[in-house]
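Student: here's my sequence, what's the structure:
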Amino acid sequence: MKVWQCLVLVGLSLGVTVAEAQEQQPADQNQQERGSDASPQDNGSSEASAANGQADASAQQPQPEPEMTPEKLFERVIERAKALAGSAYSAPQSPLPDKLKNLSYSDYRDIRYRNEYALWRDDRLFEVQFFHPGFLYDQPVEMYVLKGGRIDEIGFDPAMFNYENGAAPLKELVAGIDPEKMGFAGFSLHYPINTPDVKDEIVAFLGASYFRLVGRGQEYGVSARGLAVNTATQGGEEFPAFRAFWLVRPEPNDAEMTLFALLDSPSVTGAYRFDVHAGNNTVIDVDARLFARENVGKLGIAPLTSMFLYGENSQQYYDDFRPEVHSSDGVQMYTSSNQWLWRPLSNPPALNVTQLRDNSPRGFGLMQRDRNFEHYLDLEADYQNRPSLWVRPSEGDWGEGGVELVEIPTEKEINDNIVVYWVPDAEFRAGDQRRYQYQISTYGKALPENTLGQVVRVRNGWGANPDQTDPPSRDLRRFIVDFRGGDELSSLAAAQPVEANLNVSQGKISELKVRQLPDGKTWRASFKLATQGKNADMQLELQLRGRRLTETWSYLWNPDVL
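Tutor: Predicted coordinates for the structure are as follows:
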């Protein structure tokens, strides 16, 4: 099992019990039989008395609980979330002792789950392992399993964990602690996606509402979240957290599995259904029901979080042997008007927040396009194998809004400094409720539905010519944007009149040209931009006789990086 550090994690707790989610136990035998010994009345026949006695017994006997189904369970979680939103938020108090809360990252990683205790071990293709509480994860979540029409709680047991891997044994950390007060920090799903005899970790829920997923041949990188609230606002971000999970036991040979989660925060509560599909790409269908406890300043739907330290278009110098360091290199968006947008990521000198506007988008995601090991040279991080995550909205209250990109300056690659989510224009006020349905999928290659030419390289540098005796200021920048692939662009001869459609928010453009590169497959758009020290937002695409050949390169130039 793998664990990770996020940029910020704030622990939250459930304000009400989830005991009602457990199926009630049958009444005791004496209660079931009550009324069967009723005496016949003195002035009635024995047959009538017997019939009356049976009727009385039937009326008094409690009816058995109906069998619990996934659909009924989701309705119960929805009702619980709605009830939570109608009550005051109760800030959690961690039940963990300081020795667990203050664990170092390395000590926490040394606590390993014992494979033999995995839920459904050797019983079906899916298995579940659990994360130990401690370190950043000091708010245990409640875990339940639905099987055979009933719900059972999964309790913490120190025997599930190996505490002997560290420099010093860690078992004394839980000595004397009541297991019922421990709980789990989260859990991971395992499935044989790479080889039939090894069950790989494909999804992990750990910390607030964070979860990560990988497909075949991939390594953890970008992560998803259940919800983002007030990200990049002056009042500070709020981190909703999943308080309880219900796992639905799959059939032995199923490649799909369902789970439910209850979310809580000071402003929002929610009920989530996750349908996980294992395969070449791990796919999760999400059904989120949200309830506003308080007015929400900014609601972030289907948030994705990643890391970008530096890349091919970065201007900062890093004293590092690696040419690039990032888990994602760009934001992709597919608009309702069938336009594909690509915005490369940056590590800005100051907080940078931008939006790509739309009405009910067809998709958006954080992508890792560069799959060339030579561009990273990192044998440990395997950045070339980090997945892309793509969100496909299906139904719900998407409407007018924008895909918002938050880029946070960082000097360390351990910090997740990139956040992307959908922000609806409609206000989410106390008492409101929303439903969002969407699909999250991993990808190791380009999206199959994007059949246009794609950006494969971006460079920029000083726009001075080598022979200039009086060179311009370094504010004059030369950009090159290379496109490749697509159904039409890749088959065009160099003589075809391919043109660049370029728009800039401000500044002066000169020497705009389009040429085919010597490989016969790649087309380059080049130009110079003078901004007089101001930011410039640019959009560029290649066209042939007015017909779009490529996606739209969307780029924000910030001269402060020089």
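Student: ok, so what distance separates the residue positioned nearest the centre of the chain from Q439?
Tutor: With distances taken as C-alpha atoms, centre = their mean, the residue of the chain nearest its centroid is A224 (1.1 Å). From A224 across to Q439, the span is 11 Å (C-beta to C-beta, to the nearest Å). In short, each C-beta sits where N, CA and C put it, glycine included.
Student: still on that earlier bit, and the strand or helix carrying the residue nearest to the centre of the chain, what does it pack against?
Tutor: For A224, the element it lies in under DSSP states H and E is strand 223-225. Strand 223-225 is packed against strand 210-213, strand 299-306, with contacts defined by 3 or more C-beta pairs under 8 Å, 6 or more residues apart in numbering; DSSP states H and E.
Student: next helix or strand past the last one?
Tutor: Scanning the chain past strand 299-306 towards its C-terminal end, the next helix or strand to appear is strand 308-310 (assignment: DSSP H and E).
Student: show me what that next one is packed up against.
Tutor: strand 325-326.
Student: partner strands of the strand holding A224 and their direction?
Tutor: strand 210-213 (antiparallel), strand 299-306 (antiparallel) (DSSP bridges).
Student: other residues contacting that strand?
Tutor: Contact with strand 223-225 is made by 4, 6, 208-213, 302-306, 389, 416, 440, as judged by C-beta atoms under 8 Å, 6 or more residues apart in numbering.
Student: may I ask which two of those are separated the most?
Tutor: The largest separation in the contacts of strand 223-225, counting by C-beta to C-beta, is between W4 and A302 at 19.6 Å.
Student: between those two, who's got more neighbours?
Tutor: A302 (26 against 17; other C-beta atoms under 10 Å).
Student: can you pull the contacts of that one?
Tutor: By C-beta under 8 Å, 6+ apart, the contact list for A302 reads A224, V286, V391, P393, Y421, W422, Y436, Y438, I440.
Student: where do the helices sit along the stretch 1-150 of the chain?
Tutor: Per DSSP state H, counting those that start in this stretch, the stretch 1-150 of the chain carries helices over the ranges 29-33, 46-60, 70-85, 98-101, 105-109.
Student: now do the third one: which elements does it pack against?
Tutor: For helix 70-85, the contact count by 3+ C-beta pairs under 8 Å, 6+ apart identifies strand 241-248, strand 256-264, strand 268-277, strand 283-292 as packing neighbours.
Student: return the distance of that helix from the chain's centre.
Tutor: Chain-centre distance of helix 70-85: 22 Å, with C-alpha atoms, centre = their mean, to the nearest Å.
Student: quick one: buried residues of it?
Tutor: Residues L73, F74, R76, V77, I78, R80, A81, L84, A85 are the ones in helix 70-85 that count as buried (16 or more other C-beta atoms under 10 Å).
Student: return the helix or strand in the protein with minimum mean pLDDT.
Tutor: Every helix and strand in the chain was compared by mean pLDDT, DSSP states H and E; the lowest is helix 29-33, with a mean of 35.
Student: circling back: quick one, which of the strands paired with strand 223-225 is nearest to P409?
Tutor: strand 299-306 (14.9 Å).
Student: and the closest one, what's buried?
Tutor: Applying 16+ other C-beta under 10 Å to strand 299-306 flags L299, G300, I301, A302, P303, L304, T305, S306 as buried.
Student: tell me the angle it makes with strand 268-277.
Tutor: 50 degrees (axes from the mean of the first three to the mean of the last three C-alpha atoms, to 10 degrees).
Student: mind checking the pLDDT average for strand 299-306?
Tutor: Averaging pLDDT along strand 299-306 gives 98.
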